[in-house]
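Visitor: Quick check, what structure comes out for this input:
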Amino acid sequence: KTEVPASGKDLPTMRVKEVGFNGLSVTWGQVLEEADIALRYPQSIYTYKKMLKDSTVASAVEYVQTRMSSVTWYPKAPKGYEDESASKVTYLKTVQNDMTASWLSTMKQMTSFTTYGFSIAEIVPYTRLYKNGSKFNDGLRGIKKLAFRSQDTISGVEFTDDGRDFVGYWQRVNKITNKSKPYRTYPDLTKGTVNNEVLLKKENLLIFRNGALKDSPFGKSPLNDIYESFRYKKEYEQAQAYGISSDVNGLKVLYIPPQYMSETASPEDAAVFAMYQKIMRNLHIGAESGLILPQVLDDKGEQYFKFEVVNVSGSKAYDVSKVIESYKMEILTALYATVLTAGQGGGGSFALSESLQEMVDMIITAKLEEMRDVLNHTLIPYLWKLNGWDMTVLPTFEFTAVRKPTLDEYSKAIQRIGAVKLIAR
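Guide: Take a look at the predicted model:
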């Protein structure tokens, strides 16, 4: 399909129809790009929640999200339009302070895209009147709330029939029953839904994504990159715990006549052997604290059944703690949180620490810039359209620096500027 220019200029015709595809694999509303089923949505949400119970992963994730939430967001007029846009900048400031939830808590929830790969908020508009709960009575259209939609309630995605354009997310309806009125009949929330699910259309959403390969609506979680390290770390931690338990409590040994362990044992003898195997497992994990054995002696006066605890000593050819520590560092490095280990290993220098901090600040700033683009390309045009305003020149949301210079850095800068006589004495 081509389009002929409407103007009188001699311009070539232009193709306006999209031909190619982004290659995203979607079946029945599920994105199938990830090879590991444990990291494929929606199973990935369960995997991430399990990983977040690990202290190393949890502290790294919380560190990044806290740093991202520490900045201050503010509206700013376009350069050269400060006077003309002053009233609109003031309007955006009032929007930030006129929501049911604070702007800080809202942005904090939105940073979860750095954990789950994506986060979405439904834009809930309203007319700013006192009777509607607004702090203002100017009749302008504002934002009642940016309602966060939890990742674990999203059941799938919807695309156009040709598969090129993303339409929205399908969300499961969650019916709540209050403790104070458990038998109260609430409105039927499933009316107008499809299989108890609602379609959240993208034009009414703020969608934040991390590393959206092939423009995937689910993005890519950084936890995917540390999944193998996390698994090995947990396995070694469990092995270390079992090893310590054996060293402290000793190795439990049970002697029984070989006839019970024979491959040709009768069903009765095999059942006895299986029973003692179960008892030993329970003793190992602490499910049982004692053992009752029959007092049976052979011709030499030796017991047929004998139980004892053998002390285990000696050293291994490898240091499990160092192995665990190496996987821990891999996790912290991949999640940009190596600064959390500063001073723990006894090595490194102040200059190295500064360099690492600058790198982390750069990465966090890049994530905040992605959030800023969503606010500026979705939320602000949405508000302008609701109010019927001219879309030619729009203000933007900006954020303060991730890392504020310290007093020591300020003083050193002034000292150096003074040394080259750029500051009059």
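
Visitor: pLDDT at the nearest residue to Phe305 once chain neighbours are set aside, what is it?
Guide: Residue nearest to Phe305 in three dimensions, not counting chain neighbours: Leu293, with 4.4 Å by C-beta to C-beta, 6 or more residues apart in numbering. Where C-beta positions appear, they are placed from N, C-alpha and C, glycine not excepted. We have a pLDDT of 79 for Leu293.

Visitor: In contact with Tyr255, which residues?
Guide: Contact analysis of Tyr255 by C-beta atoms under 8 Å, 6 or more residues apart in numbering lists Gln303, Phe305, Lys306, Phe307, Glu308.

Visitor: Measure how far stretch 261-271 is from the centre of its chain, please.
Guide: In terms of C-alpha atoms, centre = their mean, to the nearest Å, the centre of stretch 261-271 is found 52 Å from the chain centre.

Visitor: Pull up the distance across it, start to finish.
Guide: Start-to-end span of stretch 261-271 (C-alpha to C-alpha, to the nearest Å) is 10 Å.

Visitor: From the contacts of Tyr255, list the buried ones, please.
Guide: Among the contacts of Tyr255, those classed as buried by 16 or more other C-beta atoms under 10 Å are Phe305, Phe307.

Visitor: can you give me the strands for the stretch 51-200 of the chain?
Guide: 73-76, 118-127, 141-149, 154-159, 166-172, 197-201 (DSSP state E, counting those that start in this stretch).

Visitor: Quick check: the gap between Gly219 and Glu370.
Guide: 10 Å (C-beta to C-beta, to the nearest Å).

Visitor: surely Ile207 meets Ile123?
Guide: No - contact between Ile207 and Ile123 fails when scored by C-beta atoms under 8 Å: they sit 10.9 Å apart.

Visitor: From the centre of this protein, give me the residue that's furthest out.
Guide: Asp299 (67.8 Å; C-alpha atoms, centre = their mean).

Visitor: part of a strand, is that one?
Guide: No - using DSSP: H, G, I helix; E, B strand; the rest coil, the assignment for Asp299 is coil, not a strand.

Visitor: For the chain, which segments count as helices?
Guide: Along the chain, the stretches classed as helices by DSSP state H are 43-51, 55-69, 86-96, 103-110, 113-116, 227-249, 267-285, 320-334, 350-374, 380-387, 407-419.

Visitor: Quick check: buried residues in the first one?
Guide: Okay, so that is helix 43-51. Ser44, Ile45, Thr47, Tyr48, Met51.

Visitor: gap between it and the chain center?
Guide: The mean C-alpha position of helix 43-51 is separated from the chain mean by 9 Å, C-alpha atoms, centre = their mean.

Visitor: For that helix, which outside residues touch it?
Guide: Helix 43-51 has contacts (C-beta under 8 Å, 6+ apart) with 34, 37-39, 57, 115-117, 151-152, 221, 223-224, 226-227, 230.

Visitor: Just the buried ones among these, please.
Guide: Looks like the contacts of helix 43-51 have 34, 39, 57, 115-117, 151, 221, 223-224, 226-227, 230 buried, using 16+ other C-beta under 10 Å.

Visitor: what's the closest non-adjacent residue to the spatially most central residue of the chain?
Guide: Of all residues in the chain, the one closest to the mean position by C-alpha atoms, centre = their mean is Thr115, 1.5 Å from it. The shortest distance from Thr115 to any non-neighbouring residue, by C-beta to C-beta, 6+ apart, is to Val61 (5.3 Å).

Visitor: Need the pLDDT of the one you found.
Guide: Confidence score, pLDDT, at Val61: 93.

Visitor: same check, this time on Tyr410
Guide: pLDDT, Tyr410: 63.

Visitor: Name the residues of stretch 79-90 that are buried.
Guide: In stretch 79-90, the ones that count as buried by 16+ other C-beta under 10 Å are Ser85, Lys88, Val89.

Visitor: Repeat that for stretch 157-166.
Guide: Buried residues in stretch 157-166 (16+ other C-beta under 10 Å): Val157, Glu158, Phe166.

Visitor: Now render those residues as a markdown table, adding pLDDT and distance to Thr106.
Guide: What follows is those, written out as a markdown table (pLDDT from 0 to 100; distance: C-beta to C-beta, whole Å):
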| residue | pLDDT | distance to Thr106 |
| --- | --- | --- |
| Val157 | 92 | 23 |
| Glu158 | 92 | 25 |
| Phe166 | 91 | 23 |
